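In: Model the following, please.
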Amino acid sequence: MSVRIATAGRTNNRPHDIASQYINFALLSLMCILLISDTATRSYFSIIFFGDEAFGTFLKVSFGVILIFTAIACFQRDINILAVFAVIIAFFVSYYLYFIIGTGRPINFNSLGGYYGVLTVIVFYELAKRNLLPAAMKIIFFVYVAYLLAYSILSLGDLVGIDISLASKKVTIDISDPSRRGRLFIFHGAAAYVAMYSVSKLWEKFRISYLVTFALAVFAAYLSMSRVFMVCLVVVLLLFIATRRLTLVQRISFFGYVVVSAYLVFGIFDPSFNPYWFADTDSSTLAREYQYVTVAQYIRTFPFFGVGLPDATEGLTQYLGRVIFPSDLGVVGVWFQFGLVGVAVIGGIAMYIICFQNVERSSAVLGKGNARTLSLTGCVIGLGGCHDLYVGMAMLFSLIFANTLYNARLFAARARKSQRAISRTPSSRSRATLPRTPAAPT
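Out: Model prediction:
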């Protein structure tokens, strides 16, 4: 009879299970669409191969997916993540309006579209609640592998002189850099994630497939000739292989970020100090020196709140009279835009979150391999600096941030439940509430 009851129970629950599977599949599919759109946007593939107007189309797709997950959170009254979501929006909108008021430029909230990446935290949080982050991380891996493969093919084709027809009239895939030949712009986050995901899998069990994907990530990084990124990738890998201690790698990565940031910031306080004194003929370093000198005077004028969040590169150029990319300057670029408040939030709190992940908690939820992947990827991003957390690396940061928020909520709930269970046991009550034992007759 017990067998029949169990069978009947499974039969009655089957429609609910099937519906849950379809819902999970739909949510992962939406996340995949968002991921492809983000990868195409961050790598400029959307503009290069689909035309200059495609950027807006991909942004609309990304915002559409974010709105769907926001509606799900509202329907389920998930106040925690909605509050975080609202704070993020308020932070960027306030700095945008601050720039608009200071420069007198017209308001156009479409200019904030490029910062959608930080809002994807609500997407990954909702996936975490349904135990779908491991599956999401696997999807991210395959999408990034496909991108790196396409990037490597295009880069090699460009090197051998193949004429690649572009749909864009404004953007080119080739970065003019006499010091390092012509090179293609790369989405660094994809290379970091694939490399660390592959290393984590190889750490558990040797497989040729993951060795190939690791080699692909390293090869793509080499083709990009991005020296800072390659140094960060190699340093984190060597530290992990040599020490096998993620906590030590986290501390060294964060310490390296602090040292480099202090070195750059010193020139703000002492105008006679030039952090790029070693620049001679290297075009990339000379460009950073030029930008550093430009923004330093504005930082000294607006130290607490910066100049604000520009409506576009053209708006910032019109305001400064020069072409400036604050993301090239690390924490100084953040200080220039967001002031000391932004340095505390982005350069302090956000960097602490991405570098010092609780691997033990993540392992309990994601598995050791996935927890290791997120930790190592965070160390590479952190060592590289805080300037890209809210733009290029925003989606990976949101993944890590959402996992941190969910783990904190999950383990806090478990602690409360455990505390309530302990409080109900007789041994935890006061002696006054226990039944008195009659005294023995004398």
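In: Model confidence score at the residue nearest the centre of the chain, please.
Out: The structure's the chain has its C-alpha centroid closest to Phe397; by Cα atoms, centre = their mean the separation is 1.9 Å. At Phe397, the model reports a pLDDT of 95.
In: Give me the below-cutoff pLDDT ranges for the chain.
Out: Scanning the chain for pLDDT under 70 picks out 1-16, 163-183, 279-282, 313, 425-442.
In: And the strands in it, which stretches?
Out: Counting by DSSP state E, the chain has strands at residues 174-175, 183-184.
In: quick one on the thing from earlier: residues contacting the residue nearest to the centre of the chain?
Out: 117-118, 350, 353-354, 381, 389-390 (Cβ atoms under 8 Å, 6 or more residues apart in numbering). C-betas here are computed from N, CA, C, even on glycine.
In: Check Val218 too.
Out: Val218 makes contacts with 191, 195, 233, as judged by Cβ under 8 Å, 6+ apart.
In: Could you do Phe141 as well?
Out: For Phe141, the contact set (Cβ under 8 Å, 6+ apart) comprises 193-194, 197, 213.
In: Same question for Phe109.
Out: 93, 96.
In: now swap in Leu202 and tell me
Out: Going by Cβ under 8 Å, 6+ apart, Leu202 touches 210-211, 214.
In: Mind putting those residues into a markdown table with neighbour count and distance to Tyr319?
Out: Listed next are the contacts of Leu202 as a markdown table, based on neighbours: other Cβ atoms under 10 Å; distance: Cβ to Cβ, whole Å:
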| residue | neighbour count | distance to Tyr319 |
| --- | --- | --- |
| Tyr210 | 20 | 47 |
| Leu211 | 14 | 49 |
| Phe214 | 19 | 43 |
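In: Which of the residues you listed fall within helices?
Out: Secondary structure from DSSP state H places 210-211, 214 of the contacts of Leu202 in helices.
In: ok, Thr317 to Phe325 distance?
Out: 10 Å (Cβ to Cβ, to the nearest Å).
In: Please state the offset of stretch 357-371 from the chain centre?
Out: Taking Cα atoms, centre = their mean, to the nearest Å, the mean C-alpha location of stretch 357-371 is offset from the chain mean by 17 Å.
In: which residue packs closest to Ala150, ignoring adjacent ones?
Out: Phe45 (7.6 Å; Cβ to Cβ, 6 or more residues apart in numbering).
In: ok, that neighbour touching Ile36?
Out: No: taking contacts as Cβ atoms under 8 Å, Phe45 lies outside contact range of Ile36: 9.9 Å.
In: how far does stretch 254-266 sit from the chain's center?
Out: In terms of Cα atoms, centre = their mean, the centre of stretch 254-266 is set 20 Å apart from its chain centre.
In: buried ones in that stretch?
Out: Residues of stretch 254-266 classed as buried by neighbour count (16 or more other Cβ atoms under 10 Å): 254, 256-257, 260-261, 264-265.
In: Check stretch 27-35 too.
Out: So, applying 16+ other Cβ under 10 Å, buried residues of stretch 27-35: 27-28, 30-32, 34-35.
In: give me every residue that touches Val118.
Out: 88, 92, 390, 394, 397-398.
In: which residues sit in contact with Ile139?
Out: Taking Cβ under 8 Å, 6+ apart, one finds 28, 31-32, 35 in contact with Ile139.
In: repeat that with 10 Å
Out: Applying Cβ atoms under 10 Å, 6 or more residues apart in numbering, we find Ile139 in contact with 28-29, 31-32, 35-36, 132.
In: which ones among those are found in helices?
Out: Secondary structure from DSSP H places 28-29, 31-32, 35-36 of the contacts of Ile139 in helices.
In: Okay, helices next: where are they in the stretch 251-400 of the chain?
Out: 283-301, 313-320, 331-342, 351-355, 359-366, 368-384, 394-424 (DSSP state H, counting those that start in this stretch).
In: who wins for proximity to Met225 among these?
Out: helix 283-301 (9.4 Å; Cβ to Cβ).
In: who touches the closest residue to Ala221 other than its chain neighbours in this structure?
Out: The spatial neighbour of Ala221 that comes closest, neighbours along the chain excluded (Cβ to Cβ, 6+ apart), is Ala191 at 4.8 Å. Counting by Cβ under 10 Å, 6+ apart, Ala191 touches 144, 147-148, 151, 216-224, 226, 229-230, 233, 380.
In: Drop anything exposed from these.
Out: Buried among these (16+ other Cβ under 10 Å): 144, 147-148, 151, 216-221, 223-224, 226, 229-230, 233, 380.
In: My guess is Ile33 contacts Lys60. True?
Out: No: Ile33 is beyond contact range of Lys60, at 11.8 Å (criterion: Cβ atoms under 10 Å).
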